[in-house]
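# heads up, no residue letters with this:
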């Protein structure tokens, strides 16, 4: 009986040692497997960290580049706005100049017919009045000289009445001749006055026509000059408007580029945030795995201890 009992103890000890050996081998294999998994996880974590660092560096570089682009675009936008303001002021000046030129043209066109011509006609009328007054003075002087000649002839006629009858015929002849001279003188004076008036009127009309023609040519030249100035100002305004439209389109394009750059920057920031979350998650996962390995070892050790104690209680 003692031999059998010792044999049983020996067999049980052999069995327990074999079980312990198998359990130890299993624990070793599990440890190796977990170490391999930890190495893989650490490598993945290191790769992820390197990738995140590269992404972060690229994001920072892109953000710096975008910030510099945004700053340059803002400077360009400010410059274009300043140029646009200057062009608007220039356009307002041109519009004011055009308005003044149009007002000047309208005033000249109105005053050319309503202001200058009456003034010219009044001057000519005053000139004609002066000439008429001068001619009337000459006529009065000629009438006085004619009356003096008549009185002188009458005196000569009275002296000749006292002469002989032969002298009467001569006197009558002289009287008839004097009367004819008087009548001729009286007829010639108005004719002379009328001829002078007509000649002066012709000269005045010629001078007034030449003056009117000169004034008309001057008005035409002024009108043409103002029209050219108006056309030049309108061309300047059109050119300023086209430049203003070009600047507005360029400003819209810059605003579009600024908006796109901001959207791209927001996308990069979102990607950076996701990468940081992934790093945090990987770190937490690696920490949990490192904590899980000692717990597993403790569980396996407890199982081995329970098996060993049960095997020892079995033979008793």
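Done, it's in. What you are looking at is a predicted structure, and each value in this text was computed from that prediction instead of being measured. Numbers count the residues shown, from 1 in each chain.

# so residue 151 is in which element?
Using DSSP states H and E, residue 151 sits within helix 117-161.

# so where's this protein shaky on pLDDT?
Within the chain, the segments meeting pLDDT under 70 span 1-17, 108-125, 152-153, 156-209, 283, 285-316.

# where do the helices of it begin and end?
Taking DSSP state H, the helices of the chain run over residues 2-111, 117-161, 165-313.

# residue 92 and residue 228, how far apart?
Shown here: residue 92 relative to residue 228, a distance of 22 Å by Cβ to Cβ, to the nearest Å. (Glycine included, C-beta is placed from N, CA and C.)

# same thing with residue 147?
In terms of Cβ to Cβ, residue 147 sits 66 Å off from residue 228.

# can you count the residues close to residue 233?
Other residues near residue 233 come to 20 when the count uses other Cβ atoms under 10 Å.

# next one: it from residue 129, what distance?
With Cβ to Cβ as the criterion, residue 233 and residue 129 are 46 Å apart.

# with residue 69 instead?
85 Å.

# more crowded one of the two?
Ranked by neighbour count (other Cβ under 10 Å), residue 69 and residue 129 place residue 69 first, with 14 against 10.

# now do the contacts for that one.
257, 261 (Cβ atoms under 8 Å, 6 or more residues apart in numbering).

# now residue 278, nearest residue through space, not along the chain?
Nearest residue to residue 278 in three dimensions, chain neighbours excluded: residue 48, at 6.8 Å (Cβ to Cβ, 6 or more residues apart in numbering).

# isn't the one you found right up against residue 277?
No - counting by Cβ atoms under 8 Å, residue 48 does not reach residue 277; the two are 11.7 Å apart.

# who has more neighbours out of these two?
residue 48 (16 against 10).

# how near is the more buried one to residue 63?
Taken as Cβ to Cβ, the span from residue 48 to residue 63 is 21 Å.

# go on, residue 236?
The spacing between residue 236 and residue 63, counted by Cβ to Cβ, is 45 Å.

# swap in residue 126?
Distance, residue 126 to residue 63, using Cβ to Cβ: 89 Å.

# compare the two (neighbour count), which wins?
Just comparing residue 126 and residue 63: by other Cβ under 10 Å the higher neighbour count belongs to residue 63, 15 against 10.

# wait, the more buried one touches residue 266, no?
No - contact criterion Cβ under 8 Å: residue 63 and residue 266 do not qualify, at 10.6 Å.

# ok, now which ones touch residue 258?
Applying Cβ under 8 Å, 6+ apart, the residues near residue 258 are 70, 73, 74, 77.

# so how do I select the buried members of the residues you listed in ChimeraX?
Buried members of these, defined by 16 or more other Cβ atoms under 10 Å, are picked up in ChimeraX with:
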select :73
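
# nearest to residue 219 among the contacts of residue 258?
Set against residue 219, the nearest of the contacts of residue 258 by Cβ to Cβ is residue 77 (50.6 Å).

# residues touching the closest residue to that closest one other than its chain neighbours, list them.
In space, and not counting its chain neighbours, residue 77 is closest to residue 254: 5.5 Å by Cβ to Cβ, 6+ apart. Contacts for residue 254 (Cβ under 8 Å, 6+ apart) come out as 73, 76, 77, 80.

# distance to residue 106 for the residues you listed - can I get that in JSON lines?
Formatted as JSON lines, the contacts of residue 254 follow (distance: Cβ to Cβ, whole Å):
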{"residue": "73", "distance to residue 106": "48"}
{"residue": "76", "distance to residue 106": "44"}
{"residue": "77", "distance to residue 106": "42"}
{"residue": "80", "distance to residue 106": "38"}
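
# what's the farthest-apart pair in the contacts of residue 258?
Spatial extent of the contacts of residue 258 (Cβ to Cβ) is set by the pair 70 and 77 at 10.0 Å.
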